[in-house]
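**Q** take a look and give me a structure for this.
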Amino acid sequence: MLTWIWNQIAVTLPEDWEMLQFSRDPDRGRCAFADRYRYRFELNWSKVSGEPDFVRMMSDYSHKLEADGKMTDIRDARLCGCPGLIGQSPEGPVSRFGTWIESQSCLLEVVFLWPEERDIAVEKEVLRSLRPSETESDGMNIWRAFGMELRVPESLSLESCSIQAARAGFLFRGKSPAETWVFRRYGMVDSWLKTDLDAWLKSQLPADIKDINIRHSTEGSIETTHLSGRYLPSGLLHKRGLFEAAAWQHPMDRRLYLAMLTNPRKSSYAGTDPAKVLKSAPEFTALPASGIHTSTGTPSANARTWEPMLKAVLVRNTAATVEPRMSDRSLSITIPSRKPRWAFPPITWIVHPPEKKTLELDPVGADVWNACDNRRSTEEVIDFFARKHSLTFHESRVSVTTYIKMLVQRGALAVAME
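**A** Predicted structure coming up:
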């Protein structure tokens, strides 16, 4: 089980439930989590002026869900002190529970989406873990997601959160550009980091950072590069400030962590060590286990799941020829071109259609191609790629399916559905 903290709400979930959707709005929003096959859990929050009448609210909510066709066979329920509704959706069993966080004037709804049968033990464990993450005595709020644990001043708000394949990033801002905290976590570092950490860290700096100083520290097996400087924007009206950054690679998950803090000179947070407010959380990189995975249940015919795509076998074009390059582990794939419909005389006397086309794959793309051996399913290729590059399942899925889509479109691969 892993603990996530988002918008001052903490919840502990099974380690293979990854956050795929999220909201930045602190007053009203939603986070959605999925296992490898389908969405499994939703966390919804709404700031309200006072504690609601749960009896009346649940009655109204039940009628609305039934009228909208979202749930049938609805029954009242209570688990771990939380009132709720259980029933059937078009996609399978659903459990909904609500609770009130008085210290934050926040109404929470948690939704469990089950493929076949409810797992009451998991529901109890999750509901017992649900709690507010209060502001610390020094004015810091805790965020814990995507392999990072952050301590951020409550005066800063989350402006953006970017989640890409093997890269996650948070941007928090205050009232001025001189109050900016940036946190990032990079994966697949061995495939793209070609310089030392000092040079790479310098390349990440905003343009207005001057008077740079670099130092190094070691704590246990982690070597950290620290960089300090001054934030000197052009223009008389722009506030100046102090800049601090730190970067390190964690030996457990092989991820590269980066924190960059800009603060006004008179701020109580000026000079804060970035390595003290960003903590590596390598336990979020739950690598897929070897072997064959099976679905946790038989989904209904209406279930929204990407399982059929995952079970499809990837078949190479037998006419393709491959030329590996040992120097950089890349490769080229040459595929005979189909004769266009317009390719007949007299047009071909003037225009000569190409007889073949060549794809160039970088080392990462070469890993995907080599894993497609006419036997592995898409899911097995994703698992293979995840274990090799220390990625979670969905991180690997995004990377792998991007390459697969390109290879299919160019005629190098075919997808055989079960």
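**Q** so where do the strands sit in the stretch 1-150 of the chain?
**A** Counting by DSSP state E, counting those that start in this stretch, the stretch 1-150 of the chain has strands at residues 2-6, 9-13, 18-21, 28-34, 39-47, 72-79, 82-89, 92-101, 106-113, 131-132, 140-145, 148-153.
**Q** for those strands, which one sits closest to Ser332?
**A** Counting by C-beta to C-beta, Ser332 lies closest to strand 18-21 out of the strands of the stretch 1-150 of the chain; the figure is 34.2 Å. (C-beta placed from N, C-alpha, C; glycine too.)
**Q** how distant is the closest one from the center of its chain?
**A** Chain-centre distance of strand 18-21: 6 Å, with C-alpha atoms, centre = their mean, to the nearest Å.
**Q** what strands line up against it, and which way round?
**A** Each strand that pairs with strand 18-21, with its direction, by DSSP bridges: strand 28-34 (antiparallel).
**Q** can you point out the buried residues in the partner strand?
**A** By neighbour count on 16 or more other C-beta atoms under 10 Å, the buried set for strand 28-34 is Gly29, Cys31, Ala32, Phe33, Ala34.
**Q** for stretch 204-215, same thing?
**A** Buried residues in stretch 204-215, counted by 16+ other C-beta under 10 Å: Asp208, Ile209.
**Q** and stretch 400-418, by the same measure?
**A** Going by 16+ other C-beta under 10 Å, stretch 400-418 has these buried residues: Val400, Thr401, Tyr403, Ile404, Leu407, Gly411, Ala412, Leu413.
**Q** what's the average pLDDT for that stretch?
**A** For stretch 400-418, mean pLDDT rounds to 87.
**Q** which of the buried residues of stretch 400-418 lies closest to Lys210?
**A** Among those, Tyr403 lies closest to Lys210 (C-beta to C-beta), at 41.1 Å.
**Q** surely the closest one is in contact with Gly365?
**A** Yes: Tyr403 lies in contact with Gly365 (C-beta atoms under 8 Å); the separation is 5.1 Å.
**Q** which residues of the stretch 251-400 of the chain fall in helices?
**A** 274-277, 307-311, 347-350, 363-371, 378-389, 393-409 (DSSP state H, counting those that start in this stretch).
**Q** any idea what Ala414 is bridged to?
**A** Here Ala414 sits in beta bridges with Val315, going by DSSP bridges.
**Q** that one and Ile335: what is the separation?
**A** 12 Å (C-beta to C-beta, to the nearest Å).
**Q** same check, this time on Trp114
**A** 44 Å.
**Q** which one's more surrounded, the two?
**A** The neighbour comparison of Trp114 against Ile335 (other C-beta atoms under 10 Å) goes to Trp114, with 20 against 17.
**Q** what's near enough to touch the residue lying closest to the more buried one once chain neighbours are set aside?
**A** The spatially closest residue to Trp114, leaving aside those adjacent along the chain, is Pro93, at 4.3 Å (C-beta to C-beta, 6 or more residues apart in numbering). Pro93 is in contact with Ile86, Gly87, Trp114, Glu116, Glu117, Arg118, counting by C-beta atoms under 8 Å, 6 or more residues apart in numbering.
**Q** ok, the third one to Pro308 distance?
**A** If you measure Trp114 against Pro308 using C-beta to C-beta, the figure is 19 Å.
**Q** please apply the same query to Arg131.
**A** 38 Å.
**Q** out of these two, which sits in the busier spot?
**A** Neighbour tally, Arg131 and Pro308, criterion other C-beta under 10 Å: the higher count belongs to Arg131, 15 against 12.
**Q** point out the most buried one among the helices of the stretch 251-400 of the chain.
**A** helix 378-389 (a mean of 22; mean count of other C-beta atoms under 10 Å).
**Q** so what touches that helix?
**A** 36, 166, 187-188, 191, 287-288, 290, 292-293, 309-314, 364, 367-368, 371-372, 376, 391-393, 395-397, 399-401, 404, 415.
**Q** one more pass at 6 Å, please.
**A** Residues outside helix 378-389 that contact it (C-beta atoms under 6 Å, 6 or more residues apart in numbering): Met188, Leu287, Pro288, Leu310, Ala312, Ala371, Phe393, Ser396, Arg397, Val400.
**Q** specify which member of those residues is nearest to Val48.
**A** Set against Val48, the nearest of the contacts of helix 378-389 by C-beta to C-beta is Phe393 (36.0 Å).
**Q** I'd say that closest one and Tyr37 touch.
**A** No: using C-beta atoms under 6 Å, Phe393 is not in contact with Tyr37, being 10.0 Å away.
**Q** that older thread, among the buried residues of stretch 400-418, which pair sits farthest apart?
**A** Farthest apart among the buried residues of stretch 400-418 - using C-beta to C-beta - are Val400 and Gly411, which lie 18.4 Å from each other.
**Q** the domain parsing of the protein - what is it?
**A** What automatic domain parsing lists as the domains of the chain is 1-131, 135-286, 307-416.
**Q** select from those the stretch with the lowest mean pLDDT.
**A** domain 307-416 - the lowest mean pLDDT of these, at a mean of 82.
**Q** that one: how far from the chain's middle?
**A** 25 Å.
**Q** as a markdown table, the buried residues of stretch 400-418 with distance to Asp208 would be great.
**A** As requested, these are arranged in a markdown table below (distance: C-beta to C-beta, whole Å):
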| residue | distance to Asp208 |
| --- | --- |
| Val400 | 39 |
| Thr401 | 39 |
| Tyr403 | 37 |
| Ile404 | 41 |
| Leu407 | 43 |
| Gly411 | 48 |
| Ala412 | 46 |
| Leu413 | 46 |
